[in-house]
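S.K.: what's the 3D shape of this:
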Amino acid sequence: MNHTPAHTPHHGAPHGHRHEDATDGQEDTTDDQAEILDLDAEVLAEYTASITAWLPLRTAPHHIVDLGCGTGAGTFALLDRFPGAHVTAVDASAEHLRRLRTKACARGVQERVRTVRADLDEAAWPGLGSPDLVWASASMHHMARPDRALRNVHGVLAPGGVFAVVELAGHPRFLPEDAPEDRPGLEERAHAAADRRQAEHMPHRGADWGPMLTAAGFTVEGERTLAVRLEGSRGEAIGRYATGVLQRIRSATADRLSPEDLTALDRLLDPGNPHGIAHRDDLTVRTERTVWAARRT
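M.R.: As a prediction, this is how the structure comes out:
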């Protein structure tokens, strides 16, 4: 899911991970990135687990590579699903990898995790062994040369192995359509502005990866889209998740929103506002994640 779904800074993209890509093209702090990634992992854990269970694997994998691992949403879901496997977690961010290692120690699985810092847009990748499964969640659309990246994956994947590409259908939505009362439709307008900005930076966001996987030599064996809908009453993490994602969208779109919309968005993000995100009981997480499972034959 990396859901995703959400995904805001790079998940394992050439220059880091961007959850839901809410701020692509914008400078951001690593701590903010990591917090959003951790919330994404927590809120959407059941959807990530359902994807790992769906993969068309012939046997349980022993070696998994998580490309663009971020702070470990996919890594730990895969370790949970496949208790006999070890994971090579790859990301451009040293801080994300440090957090991932800390989590691995806390969970007692540090012996099953190897971290590799690498820029996946480089022509030559570091040695990743010969994995049975490669997982890339919310990272492939960041590649400047996705065709080359797909060929690199094909080259390292063991014959018969599976490559899982998980991508996000867009930023998650949280508010009712008629919210806030003074600026109905605000969230959709903010998302539209963020989408326009991202289209300028990431032409492969929202792409159909099936034909590209086939062109790289894979056989696509399955495609699945998961519709995510989680009620806010299920946990306070959803409120923090909504606040984080909308704060990042605000950073990316402040110069593209009307003054009225920007003021209304700031009111929503104000923790002291009784009508703000932090005090609402009508939040839901709504998004989609699509996964392609391709085999090296």
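
S.K.: partner strands of the helix or strand containing residue 163, parallel or antiparallel?
M.R.: Using DSSP states H and E, residue 163 sits within strand 162-168. If you go by DSSP bridges, strand 162-168 pairs up with strand 133-137 (parallel), strand 284-295 (antiparallel).

S.K.: what about those strands, which gets the closest to residue 264?
M.R.: Residue 264 lies closest to strand 284-295 among these, at 19.5 Å (CB to CB). Any C-beta I mention is one placed from the backbone N, CA and C, and that applies to glycine too.

S.K.: Let me know the average pLDDT across that closest one.
M.R.: In this model, strand 284-295 has a mean pLDDT of 95.

S.K.: Let's see it as PDB, backbone CA atoms only.
M.R.: Extracted C-alpha coordinates of strand 284-295, given in PDB (Å, rounded to 0.1, in the frame of the first residue of the first chain):
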ATOM      1  CA  THR A 284     -12.800   9.200   6.700                       C
ATOM      2  CA  VAL A 285      -9.700   8.000   4.700                       C
ATOM      3  CA  ARG A 286     -10.700   7.600   1.100                       C
ATOM      4  CA  THR A 287      -8.200   6.600  -1.600                       C
ATOM      5  CA  GLU A 288      -7.200   3.800  -3.900                       C
ATOM      6  CA  ARG A 289      -4.100   1.700  -4.400                       C
ATOM      7  CA  THR A 290      -3.400  -0.400  -7.400                       C
ATOM      8  CA  VAL A 291      -0.900  -3.300  -7.500                       C
ATOM      9  CA  TRP A 292       0.600  -5.100 -10.500                       C
ATOM     10  CA  ALA A 293       2.200  -8.500 -10.000                       C
ATOM     11  CA  ALA A 294       4.700  -9.400 -12.700                       C
ATOM     12  CA  ARG A 295       6.900 -12.400 -13.000                       C
END
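
S.K.: Okay, buried residues for that strand please.
M.R.: Buried residues in strand 284-295, counted by 16 or more other CB atoms under 10 Å: 284, 285, 287, 288, 289, 290, 291, 292, 293, 294, 295.

S.K.: Just the closest of the residues you listed to residue 196, please.
M.R.: Of all the buried residues of strand 284-295, residue 196 sits closest to residue 287, with 18.4 Å by CB to CB.

S.K.: Can you give me the buried ones in stretch 78-88?
M.R.: In terms of neighbour count (16+ other CB under 10 Å), stretch 78-88 has its buried residues at 78, 79, 81, 82, 85, 86, 87, 88.

S.K.: which one of these sits closest to residue 210?
M.R.: Closest to residue 210, out of all of the buried residues of stretch 78-88 and judged by CB to CB, is residue 78, at 22.4 Å.

S.K.: Surely the closest one touches residue 88?
M.R.: No. Applying CB atoms under 8 Å, one finds residue 78 not in contact with residue 88, separated by 10.9 Å.

S.K.: Give me the common contacts of those two.
M.R.: Listed as contacting both residue 78 and residue 88 by CB atoms under 8 Å, 6 or more residues apart in numbering are 64, 66.

S.K.: distance between the strand holding residue 163 and the chain's centre?
M.R.: Taking CA atoms, centre = their mean, to the nearest Å, one finds the center of strand 162-168 at 11 Å from the center of the full chain.

S.K.: Only alpha carbons, please: show it as CSV.
M.R.: What follows is strand 162-168, C-alpha atoms only, in CSV (Å, rounded to 0.1, in the frame of the first residue of the first chain):
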residue,chain,number,x,y,z
VAL,A,162,7.8,-11.7,-8.7
PHE,A,163,7.9,-8.0,-8.9
ALA,A,164,5.1,-6.1,-7.1
VAL,A,165,4.5,-2.5,-8.1
VAL,A,166,2.1,-0.7,-5.8
GLU,A,167,0.9,2.8,-6.8
LEU,A,168,-1.4,5.4,-5.4
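
S.K.: Which positions within it qualify as buried?
M.R.: Across strand 162-168, burial judged by 16+ other CB under 10 Å covers 162, 163, 164, 165, 166, 167, 168.
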